[in-house]
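[1] What shape does this take:
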Amino acid sequence: MEENTSSTPRAWSWIPTLYFSQGLPNVAVAALSVALYKSLGASNADIAFYTSWLYLPWVIKPLWSPLVELLGRKRRWIVATQFLMGAVFASVALTIPGPGYFQATLALFWLLAFSSATHDIAADGFYLLALPEHQRAAFVGVRSTCFRMAMIAGQGGLVFEVGRWIKSGVGAAQAWSWAFAALAGFFGLVAVVHQFVLPRPSGDAPAKRGGALVADGLAVFASFFRKPGMVTAVAFMLLYRFGEAQLVKLIQPFLLDAREKGGMGLTLEQVGLYYGTIGTAALLAGGLLGGWVVSRWGLKRLLWPMACAIHVPNLAYVYLSLVQPDSLAAVGGAIAVEQFGYGFGFTAYMLYMMLASEGKSCTAHYAICTGFMALGMMLPGMASGWLQEQLGYVHFFGWVCLATLPSFAVTALIKVDDHYGKQRAG
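    Purely as a prediction, here's the structure:
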């Protein structure tokens, strides 16, 4: 029997698990893959280049979102992609100990990324269908919190456990195999649970206007670029994180590399604690503070402070690479400062994407913006490992600081007019 809405108690039975399971594959593709390859001996150039390509499914996600509308119910897409992701994680677990693991796991991570992007489309659409409007607003914070908890669980807790297993004498490949087997088990379980607890909203049905839907999708895509000032807006989306996109690919390799190679010589256990847990908590705190201050004083007043907050703390890694302090408190503090600034400054970016999406077809336009967001991380990240190998860590982190200049340039070009930032790019 189909339902029109989900009661508040019923919503609590599926929203937290749905968005926690949305966050874990993102973490696996963006962070766990980097830690995995570094701990198994891959070069920084290969790690940065190949793992940056894994952003591509999120870049082109708007292009195949109409297929989710055309083929089947969103509820079925959610459950099917969760089963698929569980199977992919199991395949990674079986592949890691074997020969040719790098190429095989990369192919599996690609499949995971496409599955995760498709799951995102279905889950976000299902959320709108399953909840009445007043509940959608009430559960936005729950969605965000559960997604972020997945970040802590993945790049914090899971990396910490892998490091602990290695410290106890387990081989690195075996430890990572166990970690991905655990993820496989989780997704198999959550898919079964969601088969029973997800509501069945009456509006969750395949679209009946196939050709018209595709044509409408193309028209919406074209209308996005016809908006005034979109050239400047797209430049901002691509360049605001130009320096950060290069930094993020080398943080874990830098922390794990031996001191004689210019790194910090941390163990995976320490990286999971200081970067994955403390750093992620600081990132979340910065994001929460950013949202609060913008709600009080508006984006127009805070745009430049936020632009500085996301870039200036990159100097923390210049300090770490120059001094290589023995104090873990100093390392953890530097990581926390950089991540807090990133979380605070990223708020401006998210709000600007919302403003650039305002008007007719705002949901589809926001999806296009998120594609540019992923592209802005993918392209600079591809060359970052090669650059680091040519420059060394000290000069590379100095370069990252210089690479923030295009961000400041495009920030100067955008205009935010009123309290909440009705933008006029131009």
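
[2] so where's the stretch 51-200 of the chain uncertain?
    Across the stretch 51-200 of the chain, the ranges flagged by pLDDT under 70 are 133-134, 136-138, 140-141.

[3] Mind doing that once more with 80?
    In the predicted model, the stretch 51-200 of the chain carries pLDDT under 80 at residues 62-72, 97-98, 128, 132-144.

[4] What ranges does it have for its strands?
    In the stretch 51-200 of the chain, no segments count as strands under DSSP state E, counting those that start in this stretch.

[5] Tell me where it has helices.
    In order along the chain, the stretch 51-200 of the chain carries the following helices (DSSP state H, counting those that start in this stretch): 56-59, 61-70, 74-95, 101-130, 133-138, 140-151, 159-167, 172-197.

[6] Tabulate those helices (a markdown table), appending mean neighbour count and distance to Thr280.
    In this view, the C-beta of every residue, glycine as well, is placed from N, C-alpha and C. Converted to a markdown table, those look like this (neighbours: other Cβ atoms under 10 Å; distance: least, Cβ to Cβ, whole Å):
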| stretch | mean neighbour count | distance to Thr280 |
| --- | --- | --- |
| helix 56-59 | 20 | 20 |
| helix 61-70 | 19 | 24 |
| helix 74-95 | 22 | 21 |
| helix 101-130 | 20 | 19 |
| helix 133-138 | 12 | 25 |
| helix 140-151 | 17 | 5 |
| helix 159-167 | 20 | 11 |
| helix 172-197 | 18 | 17 |
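
[7] of those helices, which approaches Cys401 most closely?
    helix 140-151 (25.2 Å; Cβ to Cβ).

[8] Restrict the closest one to CA atoms and write it as PDB.
    Backbone C-alpha positions of helix 140-151 (Å, rounded to 0.1, in the frame of the first residue of the first chain) are rendered in PDB as follows:
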ATOM      1  CA  VAL A 140      17.700  19.000   6.600                       C
ATOM      2  CA  GLY A 141      20.000  19.200   9.700                       C
ATOM      3  CA  VAL A 142      19.500  15.400  10.300                       C
ATOM      4  CA  ARG A 143      20.600  14.700   6.700                       C
ATOM      5  CA  SER A 144      23.600  16.800   7.000                       C
ATOM      6  CA  THR A 145      24.700  15.500  10.400                       C
ATOM      7  CA  CYS A 146      24.400  11.800   9.300                       C
ATOM      8  CA  PHE A 147      26.300  12.500   6.100                       C
ATOM      9  CA  ARG A 148      29.100  14.100   8.200                       C
ATOM     10  CA  MET A 149      29.000  11.300  10.700                       C
ATOM     11  CA  ALA A 150      29.800   8.900   7.900                       C
ATOM     12  CA  MET A 151      32.900  11.100   7.200                       C
END
